[in-house]
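In: no sequence for this one, just the structure:
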């Protein structure tokens, strides 16, 4: 008998409770892009969340408008793991084009919920099969043919919820909340959920070990995507000018920002106190951002890799003329068009040095939706305090997918506008020199346009200039200016977010990483400890320039693995430029760049290979077998 059949027979016979898999599996919903499945998938995810179970959702979708396959994976994890898993134990198969490959990807003992005419039993006899006449059920409850494609999605929510033990009342509550102002829409959708639930309850006997049971690990939590969190941070930071050009996967950063601005940045008379401008391209967008920043507005744009490439020359102007602005880069795969709907961390090196000549940019690296919000706020303070463009690098996985988070804190500090002189200040000083370092921090004082004083003006230029902003080609003026900019950048180490020491014990081995890699690495640390009995220290980098704590972390370990989601080891390359020569030799790399979010297994396996571990412990084998329901003693 196949292992999956053994597991199913065991569960049905009730001979063992060890085979039950509770709150620890993934669901893969396979549909078609543009079919309206997003709402249904959100309801399913939030229903598991409503059961108190830690959950995350990842959307794998094509870069066309509609018609190609799309997959949405929901991971439930009682341990709170939210990184991608390589395989999903439960399949909801709606798309006939991918049904065969989706069924074959299931592990033995898994679950397939599918449109009955797909006949998945011809491919697998070692998984629990639940054929459902989705089209017939939908036709019976939805007389309008145009709506059936959308309603069908809610039918699979009901079927899935019933089979996995999700409380129908929780699903209903989530739907009511989602369609709070659309009673008829709620009634139609919940009717579809109920029809699916009733069909499953009347037709199927539970054949599989997978169950969702109530927990209390989501109380007080929220679910949000990173792009929306960035937009919230920007609004709380006081952004008033947004210039952008649409590009996947960053568009929803601006959409979220604009929605909030329309709600909170309008006078009682209905007049907007902000400007959101869709430029003709990314080059124009960054130009508008710098123009607004020069004028004293808090300004931003959002883009991805191709847009970053177009912004290079203006980014150099912002660095050299010392103009504040914030650029959100939601990274996707490249080069060129690449894979527009796949995730990556391959913009780090180009962004850090964006422009020709000697240029170094401040880059913030949030590792959660909470930090997307916090860094979205902090970036504006840093841009004005240090008088330079500040880049916030997220990625498609963090930006577009749903994440569970603690609620965001309301800012408790006033905005930091940096070193700005008023007309009264200029009068008292008798004048000022725009780029003169009078305080020893390498940052000059500036005035804003409209400062009503005859000595309050200066000429902003991207050409050579002295400390009084006067055109100069003198070598000594150029060297002095560039040296000051270098000191300013170096001083920023103390101002940017410091790294997070996730684990730092007595291990001789450490891991460095940034951004969304954090989720997989935290899970991998548990796997490494369990499988190989080995402790590994871990520090998460949150900004460039690198804080001195990162130097100390490397110095205190014999080997340090740099984990990143790109081919060319860009984070390691930056570290090599920053670390003392004797520390560079300690660095190793674990690279992942296939466009899918990093998973813990990849980190664990690469680490084991490089460390010379030949296999896994017997205790881990037993745990895997029990988890998958393959063997139970």
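Out: It's in. The model shown is predicted, which means the values in this text are computed figures rather than measured ones. Numbering: from 1, shown residues only.
In: So what does residue 337 look like in phi/psi?
Out: The phi and psi torsions at residue 337 (degrees, to the nearest 10) take the values phi -70, psi -30.
In: Name the nearest residue to it, ignoring sequence neighbours.
Out: Distance criterion Cβ to Cβ, 6 or more residues apart in numbering; nearest residue to residue 337, sequence neighbours excluded, is residue 306 at 7.1 Å. The way it works is simple: take the backbone N, C-alpha and C, and place the C-beta from them, glycine included.
In: which secondary structure elements does whatever helix or strand the one you found lives in contact?
Out: In the assignment (DSSP states H and E), residue 306 maps to helix 305-310. Counting contacts by 3 or more Cβ pairs under 8 Å, 6 or more residues apart in numbering; DSSP states H and E, helix 305-310 is packed against helix 282-294, strand 325-331, helix 348-352.
In: buried residues in the shortest one?
Out: By 16 or more other Cβ atoms under 10 Å, the buried positions in helix 348-352 come out as 348-352.
In: Could you give the separation of it from the chain centroid?
Out: Helix 348-352 has its C-alpha centroid displaced from the chain centroid by 18 Å (Cα atoms, centre = their mean, to the nearest Å).
In: Quick one: name whatever helix or strand follows that helix.
Out: Counting by DSSP H and E, what follows helix 348-352 is strand 362-364.
In: Quick one: low-confidence residue ranges for the protein.
Out: 1-18, 65-66, 615-633 (pLDDT under 70).
In: And the residue nearest the centre of it?
Out: In the chain, the C-alpha nearest the mean C-alpha coordinate belongs to residue 398, at 0.7 Å (Cα atoms, centre = their mean).
In: list the contacts for it?
Out: If you count contacts by Cβ atoms under 8 Å, 6 or more residues apart in numbering, residue 398 has them with 226, 366-369, 372, 515-516.
In: cutoff 10 Å now
Out: Residues near residue 398 by Cβ atoms under 10 Å, 6 or more residues apart in numbering: 225-227, 229-230, 249, 330-331, 343, 366-369, 371-372, 515-519, 597.
In: Is it possible to get a markdown table of the buried residues of helix 348-352 that adds distance to residue 291?
Out: As requested, those are exported to a markdown table (distance: Cβ to Cβ, whole Å):
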| residue | distance to residue 291 |
| --- | --- |
| 348 | 27 |
| 349 | 28 |
| 350 | 24 |
| 351 | 21 |
| 352 | 24 |
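In: wait, what's in contact with residue 85?
Out: Counted by Cβ under 10 Å, 6+ apart, residue 85 has contacts 25-26, 28, 56, 58, 73, 75, 77, 520, 523, 599-601.
In: re the thing from before, out of the helices and strands packed on helix 305-310, flag the one nearest residue 185.
Out: strand 325-331 (30.5 Å; Cβ to Cβ).
In: Helix or strand for residue 70, just tell me which one.
Out: Applying DSSP H and E as the criterion places residue 70 in strand 69-77.
In: What pairs with that strand, parallel or antiparallel?
Out: strand 24-32 (antiparallel), strand 55-60 (antiparallel) (DSSP bridges).
In: is it true that residue 524 touches residue 606?
Out: Yes: with contact defined as Cβ atoms under 10 Å, residue 524 reaches residue 606; the gap is 9.3 Å.
In: between these two, which one's more packed in?
Out: Neighbours of residue 524 and residue 606, each counted by other Cβ atoms under 10 Å, are more numerous for residue 524; the result is 28 against 18.
In: Buried residues in the helix or strand encompassing that one, which are they?
Out: Secondary structure from DSSP H and E places residue 524 in helix 517-532. For helix 517-532, the neighbour count (16+ other Cβ under 10 Å) marks 517-525, 527-528, 531-532 as buried.
In: looking at the helices and strands packed on helix 305-310, which is buried most?
Out: strand 325-331 (a mean of 30; mean count of other Cβ atoms under 10 Å).
In: and residue 335, how many neighbours?
Out: If we define neighbours as other Cβ under 10 Å, then residue 335 has 10 of them.
In: likewise residue 88?
Out: The number of residues near residue 88, taken as other Cβ under 10 Å, comes to 24.
In: Where does it sit, in terms of helix or strand?
Out: Going by DSSP H and E, residue 88 is not in any helix or strand.
In: helix, strand or coil for residue 478?
Out: The three-state label given to residue 478 by DSSP: H, G, I helix; E, B strand; the rest coil is helix.
In: List the contacts of the closest residue to it other than its chain neighbours.
Out: Leaving aside its chain neighbours, residue 478 sits nearest to residue 464 (5.4 Å; criterion: Cβ to Cβ, 6+ apart). Neighbour list for residue 464: 320, 470-475, 477-478, 481-482 [criterion: Cβ under 10 Å, 6+ apart].
In: cool, residue 583 as well?
Out: Listed by Cβ under 10 Å, 6+ apart, the contact set of residue 583 reads 551, 553-555, 557, 560, 575-576.
In: try 8 Å this time
Out: So residue 583 contacts 551, 554-555 (Cβ under 8 Å, 6+ apart).
In: Which of these fall in helices?
Out: If you go by DSSP state H, these have 551, 554-555 in helices.
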